[in-house]
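S.K.: Build me a model:
(2 chains)
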Amino acid sequence: DTGVSQNPRHKITKRGQNVTFRCDPISEHNRLYWYRQTLGQGPEFLTYFQNEAQLEKSRLLSDRFSAERPKGSFSTLEIQRTEQGDSAMYLCASSLDPTENTEAFFGQGTRLTVV
Amino acid sequence: GDSVTQMEGPVTLSEEAFLTINCTYTATGYPSLFWYVQYPGEGLQLLLKATKADDKGSNKGFEATYRKETTSFHLEKGSVQVSDSAVYFCALSEGNTGFQKLVFGTGTRLLVSP
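M.R.: Residues are numbered from 1 along each chain as shown, chains lettered A, B, ... in the order given. Modelled structure (predicted):
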């Protein structure tokens, strides 16, 4: 396993279009997290899954944002009707069930540019 | 809510200089504390962590001590190398709800020159 994989690495879209990003976690990891990182800022938590269950989505930025993990493996993050303010790096991370020694591993991210 | 404040960069040092990057936090409960590093073109990597007060995390010559009395987790290294040039993020795990929802600082860029 080569770690957390995110696709695409870069996405340029026109304002108003829908975009979908994919995250493939480390295979045995049952936890999956989505973060957003804007320029000059640290990552900001959006949502997370325990297997296929989305256990928190209150931090999703608006109802234009949605995430799924249908079979408890890969996950998708969709943004509908994109706005220029959505331009950011979207990061995915995965981990085992958290204990004192659990580490969350991050992917390289998908950079979204809305023009 | 919980928050992390770290010193603004860039921090510019010559090779073999001593490094300190300050980090303070505000949290309810007893969070775990982390330093992540992001090398150019790569994803975030865990550098070190500490899970309770007075714990010292260390890795690759970097270390940080969890200071509950000053709510701080400053990152130090005795002798930096050019290869340490990266962005460093201080983070905490929010709450005691059993999952790793991380709250990050804004990051500090370190530039090390030969």
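S.K.: got the residues of chain A near chain B?
M.R.: Proximity of chain A to chain B (Cβ under 8 Å from any Cβ of the partner chain) is limited to residues A:3-4, A:31, A:33, A:35, A:40-45, A:48, A:50, A:55-56, A:91, A:93, A:95, A:98, A:100, A:102-109. For every residue, glycine as well, the C-beta is placed using N, CA and C.
S.K.: For the residue of chain A found nearest chain B, which non-adjacent residue is closest in space?
M.R.: Taking Cβ to the nearest Cβ, chain B has its nearest neighbour within chain A at residue A:42, 3.0 Å off. In space, and not counting its chain neighbours, residue A:42 is closest to residue B:104: 3.0 Å by Cβ to Cβ, 6 or more residues apart in numbering or on different chains.
S.K.: May I ask you to confirm that that neighbour is in contact with residue A:91?
M.R.: No: counting by Cβ atoms under 8 Å, residue B:104 sits too far from residue A:91 to count as a contact (10.3 Å).
S.K.: Contacts only, for the spatially most central residue of chain A.
M.R.: Among the residues of chain A, residue A:34 comes closest to the average C-alpha position under Cα atoms, centre = their mean, at 3.3 Å. With contact taken as Cβ atoms under 8 Å, 6 or more residues apart in numbering or on different chains, residue A:34 is in contact with A:23, A:45-48, A:67, A:75, A:77, A:90-92.
S.K.: Please produce TSV containing these, extended by pLDDT.
M.R.: Rendered in TSV, the data for the contacts of residue A:34 read as follows (pLDDT from 0 to 100):
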residue	pLDDT
A:23	98
A:45	92
A:46	94
A:47	94
A:48	92
A:67	96
A:75	97
A:77	97
A:90	97
A:91	96
A:92	96
